[in-house]
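Chemist: Below is the structure, and that's it, no one-letter string:
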């Protein structure tokens, strides 16, 4: 399937062109891919370069993946958002909104006009350079890269795209080191908890700093998940906004429930709370607090208590740093946080491990210095004794 033809006349630069043609699409969407190969001399038979190109195009089109040559990246973005992002219940509304913003603000404007079959890694690489120049943080550009990569993979699965150009090295975005977020020390967390006691933010903050939960996991916790006697907190669900469905219960982000040991300060607070039905939400009652209410309450607290700018999610990071500094190993912390892979935990908290190593070396140096000083004193004492 496909053909190679030559032009009878030379190009302006004296070279000759061979046209490689492969049919694509069906019915009214039928068309063809045409690529050209230039050679210095006109020969009777197609050159090897043209034959290799034909084989490559045929391999791309095999297996039923024969997309229409008329589709643009803009068409793909529209279909991906409508048929996948907006229709997949796994995405909460915030994630859906983020994908829409990424496509409409950055991707569509830059490459939406390019036909899918004509998209090259260089187009994508240039787009990333332009976005970085706006300027945008590398971590943000990586999120845009992830969205485009997902979109192209979806297109491949639906026979709309031949290859994912984001997999080409030139189109990739460098890894961004996780930013060191502001965190509270254990002493500061306990002081914060003391200052918010009796307010509606007391329990969400307590759950976040005693179990390292995300916001959705904190407001999704029910009284049946709190075992004061056994000193355990069970993270079984997360509440998220879903487009068209409102606030829905889902699995925690890690995909499975987890059990976290309950610290004594949390047990004391939970034990003092009025007893309620196991099916009632800890943060709320018969109905849970909404994510927006928690975020708004947290922003107001930052102003009232004159705390540094930080997100509610940074309480989870504060918990993690406190655990590491208390001697909890990375694997155990990864399980407590609900990460699918320990590598995720290690990458996020690499700066904490680095600080702990530096402190360990400093402690070792001090111990060596102390030992050396003691040895010197002992030698001096022996010398004085011998002289006497």
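Modeler: That came through fine. Since the structure is predicted, the reported quantities are computational estimates derived from the model, not experimental observations.

Chemist: Show the low-confidence segments of the stretch 201-350 of the chain, by residue range.
Modeler: 243 (pLDDT under 70).

Chemist: can you pull out the strands in it?
Modeler: 226-227, 232-235, 238-242, 246-250, 258-261 (DSSP state E, counting those that start in this stretch).

Chemist: how does the protein divide up, domain by domain?
Modeler: In the domain annotation for the chain, the residue ranges read 3-64, 73-171, 186-342 (automatic domain parsing).

Chemist: Tell me the gap between the first one and the middle of its chain.
Modeler: Using C-alpha atoms, centre = their mean, to the nearest Å, the distance from the centre of domain 3-64 to the centre of the chain it belongs to is 41 Å.

Chemist: per-residue confidence averaged over it?
Modeler: Per-residue pLDDT values across domain 3-64 average out to 78.

Chemist: how close does residue 235 sit to residue 241?
Modeler: Between residue 235 and residue 241 the distance is 19 Å, computed by C-beta to C-beta, to the nearest Å. Any C-beta I mention is one placed from the backbone N, CA and C, and that applies to glycine too.

Chemist: Likewise for residue 167?
Modeler: Noted for residue 167: a distance of 32 Å to residue 241, by C-beta to C-beta.

Chemist: got it, and residue 371?
Modeler: Applying C-beta to C-beta, one obtains 60 Å for the distance of residue 371 from residue 241.

Chemist: Which one's more surrounded, those two?
Modeler: Here residue 371 and residue 241 are set side by side on neighbour count (other C-beta atoms under 10 Å), and the busier one is residue 241, at 19 against 10.

Chemist: For that one, give me its contacts.
Modeler: Under the criterion of C-beta atoms under 8 Å, 6 or more residues apart in numbering, the contact list for residue 241 reads 92, 93, 94, 247, 248, 291.

Chemist: now, among the residues you listed, which is nearest to residue 255?
Modeler: Out of the contacts of residue 241, the one with the shortest distance to residue 255 is residue 92. That distance is 14.5 Å, counting by C-beta to C-beta.

Chemist: Just the element for the spatially most central residue of the chain, please.
Modeler: Centroid-nearest residue in the chain, with C-alpha atoms, centre = their mean: residue 143, separated by 7.0 Å. Following DSSP states H and E, the helix or strand that holds residue 143 is helix 138-157.

Chemist: list the buried ones in that helix?
Modeler: Buried residues in helix 138-157, counted by 16 or more other C-beta atoms under 10 Å: 140-145, 147-152, 154-155.

Chemist: which residues touch the closest residue to residue 212 other than its chain neighbours?
Modeler: Across the structure, with C-beta to C-beta, 6 or more residues apart in numbering as the measure, the residue nearest residue 212 apart from its sequence neighbours is residue 319 (3.9 Å). Taking C-beta under 8 Å, 6+ apart as the contact definition, residue 319 lies against 189, 208, 209, 210, 211, 212.

Chemist: quick one: which of the residues you listed is nearest residue 126?
Modeler: Sorting the contacts of residue 319 by distance to residue 126 puts residue 212 at the head of the list, at 40.8 Å, by C-beta to C-beta.

Chemist: I'd say that closest one and residue 262 touch.
Modeler: No: no contact is recorded between residue 212 and residue 262 when judged using C-beta atoms under 8 Å, the distance being 11.9 Å.

Chemist: These two: which has the busier surroundings?
Modeler: Taking residue 212 and residue 262 together and counting by other C-beta under 10 Å, residue 212 has the greater number of neighbours (25 against 20).

Chemist: Please work out how many residues are found near residue 339.
Modeler: Other residues near residue 339 come to 18 when the count uses other C-beta under 10 Å.

Chemist: re earlier: now tabulate the buried residues of helix 138-157 in TSV and tack on distance to residue 201 and pLDDT.
Modeler: Shown next, in TSV, are the buried residues of helix 138-157 (distance: C-beta to C-beta, whole Å; pLDDT from 0 to 100):
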residue	distance to residue 201	pLDDT
140	29	86
141	34	91
142	32	90
143	29	91
144	34	95
145	36	95
147	33	95
148	38	96
149	38	96
150	35	95
151	38	96
152	42	95
154	40	93
155	44	91
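
Chemist: any idea which of these is closest to residue 303?
Modeler: Nearest to residue 303 out of those is residue 140 (C-beta to C-beta; 26.2 Å).

Chemist: From residue 151, how far out is the closest one?
Modeler: From residue 140 to residue 151 the distance is 17 Å (C-beta to C-beta).

Chemist: do the same with residue 335
Modeler: Using C-beta to C-beta, one obtains 33 Å as the distance from residue 335 to residue 151.

Chemist: Run through the helices of the stretch 101-250 of the chain in chain order.
Modeler: Secondary structure of the stretch 101-250 of the chain (DSSP state H, counting those that start in this stretch): helices at 108-111, 121-132, 138-157, 186-195, 202-211, 215-220.

Chemist: quick one: which of those helices is nearest residue 377?
Modeler: When the helices of the stretch 101-250 of the chain are compared by C-beta to C-beta, helix 186-195 sits nearest residue 377, at 37.1 Å.

Chemist: Enumerate the positions of that closest one that are buried.
Modeler: Neighbour counts over helix 186-195 (16+ other C-beta under 10 Å) mark 186, 189, 192, 193 as buried.

Chemist: Equivalent analysis for stretch 79-94, please.
Modeler: Buried, per 16+ other C-beta under 10 Å, within stretch 79-94: 79, 80, 81, 84, 85, 91, 92, 93.

Chemist: any residues touching that stretch, and which ones?
Modeler: Under the contact criterion C-beta under 8 Å, 6+ apart, stretch 79-94 has outside partners 96, 99-100, 103, 150-151, 154-155, 158, 160, 216, 240-243, 245, 248, 250.

Chemist: give the contact list for residue 320.
Modeler: Listed by C-beta under 8 Å, 6+ apart, the contact partners of residue 320 are 212, 333, 337, 345, 348, 349, 352.
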